[in-house]
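> return a 3D structure for these sequence lines:
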Amino acid sequence: MKFITYLLFISLTFLMKGGDILSSAKPNSFSVAGSPIKPADDKKYKVSKLKGALTINADWNKAQWKNIETIKIENYMGTIPPFKPTVEAKMMYDNDNVYVIFRVKDRYVRSLVQEYNGNVSGDSCVEFFFAPDSNFPLNYFNLEINAGGTPLIFYIKHPYPSTPYVKLEVSEIEEIEIAHSLPSKVDPEITEPVTWTIEYRIPLSMLAKFSNVSRPAPGVVWKANFYKTGSRTSNPNYITWNIVDNPRPNFHLPQFFGTLIFQ
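Got it, this is the predicted structure:
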């Protein structure tokens, strides 16, 4: 009888400890409309408000970007390439637009696609995926621009590609003002070290044609990720800002977006 009592005591103690462990453990994820979202330890970026005007000319060193926090894009998906590009971005906003600039210290740069909504991600390419509706963080735009300044942009409702998505028309894409430091076509591939930049202005009015837009203002939050790729270069690479936990390179996983906090 004493032995049975002892076993019950040990079992109850174990269960109580287990209950304490479970109640104090951090959840791995929570869900929005049944889809997993990463927990609150994802990367966060404070988006500063632009003071004055900004000329879109792909100049990383101009005064307006000088004191803006830098986004480091340095998490690799898939096979790590022999050469690792250094990829950085910055972002600002005003009442009517959001602004993004990328700087890539690179080698093996190739840029062939010159058709809007063509396969620009096969070229040396920088990408900004963002969900402008705070209430629907899995519905997003993917803006992909190769080193020659040719864009692709879709509006996508998760999951992709099984859910229908919208390809923006050329007239709509042309509302995005884009500047690039390299020629519009880079061929043959540049194998020596080279630094290239992409800068652009996205009008909120253009986004509002496809999605509700939580207009940037202090405290407003968007979900987003920044990427660099070059799948058809001689140095294939897939690099992310916020970690994307997937065995194969795939940028279309909005559950792994980080957080933009407008200031």
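
> give me the number of residues near residue 232?
By the criterion of other Cβ atoms under 10 Å, residue 232 has 15 neighbours. Bear in mind the C-beta positions are built from the backbone N, C-alpha and C, glycine included.

> so it makes contact with residue 123?
Yes - contact criterion Cβ atoms under 8 Å: residue 232 and residue 123 qualify, at 6.8 Å.

> now the common contact residues for the two.
Common neighbours of residue 232 and residue 123 (criterion: Cβ atoms under 8 Å, 6 or more residues apart in numbering): residue 110.

> buried ones in stretch 208-225?
210, 211, 213, 214, 216, 220, 221, 222, 223, 224, 225 (16 or more other Cβ atoms under 10 Å).

> which of the residues you listed fall in strands?
221, 222, 223, 224, 225 (DSSP state E).

> next, format these as JSON lines and append distance to residue 165.
Listed next are these as JSON lines, based on distance: Cβ to Cβ, whole Å:
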{"residue": "221", "distance to residue 165": "23"}
{"residue": "222", "distance to residue 165": "19"}
{"residue": "223", "distance to residue 165": "17"}
{"residue": "224", "distance to residue 165": "17"}
{"residue": "225", "distance to residue 165": "17"}
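
> and which of those is nearest residue 83?
Set against residue 83, the nearest of those by Cβ to Cβ is residue 225 (22.5 Å).

> is the closest one bridged to anything, and to what?
residue 129 (DSSP bridges).

> check contacts around it.
Listed by Cβ under 8 Å, 6+ apart, the contact set of residue 225 reads 128, 129, 130, 240, 241, 242, 244, 251, 254, 256, 257, 258.

> 7 Å instead?
Residue 225 makes contacts with 129, 240, 241, 242, 256, 257, 258, as judged by Cβ atoms under 7 Å, 6 or more residues apart in numbering.

> same question, residue 192
Here residue 192 is in contact with residue 107 (Cβ under 7 Å, 6+ apart).

> what about residue 177, how many residues nearby?
15.

> enumerate every residue touching it.
56, 200, 201.

> same check, this time on residue 190
residue 109.

> tell me what it is bridged to.
Note on residue 190: beta-bridge partners residue 109, judged by DSSP bridges.

> cheers, nothing more for now.
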